[in-house]
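In: sequence-free structure coming up:
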């Protein structure tokens, strides 16, 4: 394997199922051992069921901006009133261990990384729900308030415009089929 890890990016609208698909993929031991999974830092509030260090690292806006100033993040974005960022150390860990890096980030972060790193090192996959109605239903299931749901659905329309810049699109209508599609693409593009 080359010294620079291949970066797999899962992006798409909030509620599309990116994290669920990633969790299913990384349950497969023969795939899991080939990856370092990046966990983002965020300033948003923790949702019920989320765990510190498993889902996100939850920090204050002040802490986030201080880290950003120190060039701590591989990429960072502001989504609504919250910040999200991927720490560089996950990339370094993948590099040192001879593994690939995989992360779930928003569309702007995905586009930023695609522009920053050599294209043959990046596999960017766009995950989306089959419809706006399905997306609303999923967001409601995450105990999102109506105002947040409206904002996220409006943002998803803008995010869909970026799908054409991704290496592949997976419509997450049926979890089993979407999971199989993701696994197939990942296997085809893995560094051994």
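Out: Yep, it's here. All values derive from a computational prediction rather than experimental measurement. Numbering: from 1, shown residues only.

In: in this structure, which spans are strands?
Out: Using DSSP state E, the strands found in the chain span residues 7-11, 35-37, 41-42, 57-58, 73-79, 82-87, 100-104, 122-128, 168-171.

In: and the second one, which strands flank it?
Out: Just to be clear, that refers to strand 35-37. Using DSSP bridges, the strands paired with strand 35-37 are strand 100-104 (parallel).

In: ok and the strand it pairs with relative to strand 73-79, angle-wise?
Out: Here strand 100-104 runs at 10 degrees with respect to strand 73-79, directions being taken by axes from the mean of the first three to the mean of the last three Cα atoms, to 10 degrees.

In: where does the protein have low pLDDT?
Out: Segments of the chain classed as low confidence (criterion: pLDDT under 70) are 1-2, 119-120, 142-144, 191-192.

In: Going by neighbour count, list what's buried in stretch 53-68.
Out: Buried positions in stretch 53-68, judged by neighbour count with 16 or more other Cβ atoms under 10 Å: 55-56, 58-59, 64, 67. The C-beta positions use only the backbone N, C-alpha and C, and glycine is treated the same way.

In: Which of those fall in helices?
Out: By the criterion of DSSP state H, membership of these in helices covers 64, 67.

In: Just name the closest of the buried residues of stretch 53-68 to residue 170, please.
Out: The nearest member of these to residue 170, counting by Cβ to Cβ, is residue 55 at 20.9 Å.
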